[in-house]
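>>> Generate a structure from the sequence data that follows.
(2 chains)
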Number of protein chains: 2
Amino acid sequence: MSRDPDYRRRYGDWGMVVGASEGLGEALTRNLAQRGMNLAMVARNPDKLSAAAKRVAADNNIETVAIAADLGEPDALDRIVAGLGGREIGFFIYNCAAENGGEFLEQDLESHLGNIQVNCIAPTILVHYFGRKMVARGRGGIVLCSSLAGLQGVYAWTSYGASKAYEMILGEGLWYELKHHGVDAATLVLGQTYTPNFQRSQQERDAPFARSRDPEDLPASVRRPQHPEDAAATLFAQIDREWIPHIYANAEDKAMIKAAANLSKTERILQMGDAMRATYKRAVAR
Amino acid sequence: MSRDPDYRRRYGDWGMVVGASEGLGEALTRNLAQRGMNLAMVARNPDKLSAAAKRVAADNNIETVAIAADLGEPDALDRIVAGLGGREIGFFIYNCAAENGGEFLEQDLESHLGNIQVNCIAPTILVHYFGRKMVARGRGGIVLCSSLAGLQGVYAWTSYGASKAYEMILGEGLWYELKHHGVDAATLVLGQTYTPNFQRSQQERDAPFARSRDPEDLPASVRRPQHPEDAAATLFAQIDREWIPHIYANAEDKAMIKAAANLSKTERILQMGDAMRATYKRAVAR
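The predicted structure is shown next:
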């Protein structure tokens, strides 16, 4: 089946990216804008968001609307619906994420509950709301952003990975359920991505990529985080061609996962955990 | 490393099973009781729970305490702590589950949020609470019950599977993080299990196993649900020997997953989805 290259005809006039003010979110909005869609952009910080919305509108000759909302708050859907002012969303991307690193028991319970709010509850509410409208119109696209940390338990990212596993399976299940209703859905599976958020967290922990994406003192075997532009481009190259339920943002990650397919979970968890633990220790020891 | 066969010496005097009044939960309590542990049993229905607690106490010459609590309510931890009356929990099993079947968009949002409450928020709160106490004592055991539906999106079980993926990764991550602190943890991965809950849901939908675990009119190729006693026995046989992060309750499931390891997620989701969809249609058409 060849796909209509015109996203506006295929999905509707307006796309929405939640978590859109910088990094991967901004890269995702640019890709939708380049495909002709108007954009509702949602993020917490109104100033940064408004600047990003103006940039993408001017660069692509489309309309944008900036909606300031905190996905960790229970009123997020109300704010988003109010901000939309009746515009229909035909393409929805959930890119917002809480990222709570550190051992599970060392973190406060509040950090874990915030993680569930942003990474499980909020996408569930939004996908339920916009998904029903898409099915009623018989067209639409939904992308949920997940993480390699959702594929197996990862040291220091236990509840983050758990919540990302929730998003992963949600997007995969929707792929199957909604294609019978004319609506496309998928999970985008990301590895380390060199976003401003990632850079900040590396700096806070004085971790390996605190100063640069290509630190000179790291062995060549250590994988560099992916550029957000490349992650977004990989997603759209895939869905321009065909929607599959589980899309790796990075071809190297996909190859790595494929190579590890016959390892037991125990082996994979030990491998990832030992590597992550060495990174954390290294970060602490610097 | 050989393991101390005496659970009481190894973990402490008291175990807790959440979701303990029947089915798999009751089978799990029996296994802990046979290993000499006293048991705090938690479930929603006080009458059924109290009867189960009396049975397991009399059969195994141990103490039990029955704590009625609804894991879908925000006061569950308070009720459990009050019910414990200072008893220290050395072995914790979370077997409670919301099971919301049906297409994601056909279900009410409330059903999905209830699913997150019971399958994500409640185990996170309880594991955080009891886990910290175990680490402080330098010993303990934690088992979270998950599902094959957490391994990939499954038609009609999208948000259930997503929440079970959360529990899966939580248990796996804790396995790695807590073994450095003397505490064991694992995820128990269940397929269809012939519990009273499962039987009720089959009856409600007039589904294949509505009347029997061995329906005569189903082809021999259709897998029969596992007996809960067998699922519990498999778990304890494994952890008596060695704790691994991801324990299949059914050897047939383990073999099936291993055989499918080199399939893409797309292939696995289509395979599971088509089978599940046929079952649902068959159930509806009866």
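>>> For the stretch 151-286 of chain A, what lies in contact range of chain B?
When proximity is defined by Cβ under 8 Å from any Cβ of the partner chain, the stretch 151-286 of chain A lies next to chain B at A:152-159, A:161-178, A:181, A:244-246, A:261-262, A:264-266, A:269-270, A:273. No exception for glycine: its C-beta is placed from N, CA and C like everyone else's.
>>> Which among those residues count as buried?
A:152-159, A:161-178, A:181, A:244-246, A:265-266, A:269-270, A:273 (16 or more other Cβ atoms under 10 Å in any protein chain shown).
>>> Point me to the helix or strand that includes A:Met16.
strand A:14-18 (DSSP states H and E).
>>> Give the next helix or strand downstream of that strand.
helix A:23-34.
>>> Pull the residues that contact that following helix.
A:7, A:15, A:17-20, A:39, A:41, A:43, A:52, A:56-57, A:59-60, A:62, A:64, A:91, A:93, A:95-96, A:143, A:145, A:190, A:193, A:195-198, A:228-229, A:231-233, A:235-236 (Cβ atoms under 8 Å, 6 or more residues apart in numbering or on different chains).
>>> Now do it: distance to the chain's middle.
12 Å (Cα atoms, centre = their mean, to the nearest Å).
>>> Now that helix: buried residues?
Across helix A:23-34, burial judged by 16+ other Cβ under 10 Å covers A:23-33.
>>> can you tell me which of the contacts of helix A:23-34 are in helices?
Taking DSSP state H as the definition of helices, the contacts of helix A:23-34 contribute A:7, A:52, A:56-57, A:59-60, A:196-198, A:228-229, A:231-233, A:235-236.
>>> Any regions of the stretch 151-286 of chain A where pLDDT drops low?
A:281-286 (pLDDT under 70).
>>> same thing but at 90, please
The model of the stretch 151-286 of chain A has pLDDT under 90 over residues A:197-198, A:201-208, A:210-211, A:214-223, A:275-286.
>>> mind listing what A:Ala53 touches?
Counted by Cβ under 8 Å, 6+ apart, A:Ala53 has contacts A:20, A:39, A:41, A:64-66.
>>> Need those in CSV (columns: pLDDT and neighbour count).
Below are the contacts of A:Ala53 laid out as CSV (pLDDT from 0 to 100; neighbours: other Cβ atoms under 10 Å in any protein chain shown):
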residue, pLDDT, neighbour count
A:Ala20, 97, 30
A:Leu39, 98, 26
A:Met41, 98, 28
A:Thr64, 98, 23
A:Val65, 98, 17
A:Ala66, 98, 22
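>>> Among the residues you listed, list the two that are farthest apart in space.
A:Ala20 and A:Val65 (10.9 Å; Cβ to Cβ).
>>> Can you pull the residues that touch both of these two?
The contact lists of A:Ala20 and A:Val65 share A:39, A:41, A:53, where a contact means Cβ under 8 Å, 6+ apart.
>>> Now do the strands in chain A.
Assigned by DSSP state E, the strands in chain A fall at A:14-18, A:38-43, A:64-68, A:89-94, A:140-147, A:183-190, A:246-248.
>>> Provide a list of residues in contact with A:Gln107.
A:100, A:159 are the contacts of A:Gln107 under Cβ under 8 Å, 6+ apart.
>>> So what does it have for phi and psi?
Main-chain torsions, A:Gln107, degrees, to the nearest 10: phi -80, psi 150.
>>> And it, what's its pLDDT?
Per-residue confidence at A:Gln107 stands at 96 (pLDDT).
>>> if I look at it, how far off is A:Glu99?
Going from A:Gln107 to A:Glu99 by Cβ to Cβ, to the nearest Å gives 12 Å.
>>> ok, now A:Ile62?
From A:Ile62 across to A:Glu99, the span is 30 Å (Cβ to Cβ).
>>> And the strands of chain A: which comes nearest B:Asp253?
When these are compared by Cβ to Cβ, strand A:246-248 sits nearest B:Asp253, at 20.6 Å.
>>> For the closest one, give me every contacting residue.
So strand A:246-248 is contacted by A:168, A:171-172, A:186-189, A:234-235, A:238-239, A:254, A:257, B:152, B:264-266, B:269 (Cβ under 8 Å, 6+ apart).
>>> make it 7 Å
For strand A:246-248, contacts defined as Cβ atoms under 7 Å, 6 or more residues apart in numbering or on different chains pick out A:172, A:186-189, A:235, A:238, A:254, B:265.
>>> So which residue is dead centre in chain A?
A:Cys145 (2.9 Å; Cα atoms, centre = their mean).
>>> pLDDT wise, what is it at?
As predicted, A:Cys145 sits at a pLDDT of 98.
>>> quick one: it and A:Ile93, what's the gap?
Counting by Cβ to Cβ - A:Cys145 and A:Ile93 are separated by 7 Å.
>>> for the buried residues of helix A:23-34, which one is nearest B:Pro215?
A:Leu28 (48.2 Å).
>>> Show the model's pLDDT score for that closest one.
98.
>>> Could you tell me which other helices and strands the strand holding A:Met16 packs against?
Under the contact definition 3 or more Cβ pairs under 7 Å, 6 or more residues apart in numbering or on different chains; DSSP states H and E, strand A:14-18 sits against helix A:23-34, strand A:38-43, strand A:89-94.
>>> And for stretch A:84-98, what's in contact with it?
Here stretch A:84-98 has contacts from A:7, A:11-19, A:24-25, A:28, A:32, A:37, A:40, A:71-72, A:114-115, A:118-119, A:123, A:126, A:130, A:133-134, A:139-145, using Cβ under 7 Å, 6+ apart.
>>> State the distance from A:Asn38 to B:Phe209.
Noted for A:Asn38: a distance of 50 Å to B:Phe209, by Cβ to Cβ.
>>> show me what contacts the residue nearest to A:Ile116 when sequence neighbours are not counted?
Excluding the flanking residues, the one nearest A:Ile116 by Cβ to Cβ, 6 or more residues apart in numbering or on different chains is B:Cys120, at 5.4 Å. Applying Cβ under 7 Å, 6+ apart to B:Cys120 gives the contacts A:116, A:120, A:166, B:163, B:166.
>>> could you dump those residues to JSON lines with distance to B:Leu77?
Shown next, in JSON lines, are the contacts of B:Cys120 (distance: Cβ to Cβ, whole Å):
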{"residue": "A:Ile116", "distance to B:Leu77": "15"}
{"residue": "A:Cys120", "distance to B:Leu77": "19"}
{"residue": "A:Tyr166", "distance to B:Leu77": "21"}
{"residue": "B:Ser163", "distance to B:Leu77": "18"}
{"residue": "B:Tyr166", "distance to B:Leu77": "18"}
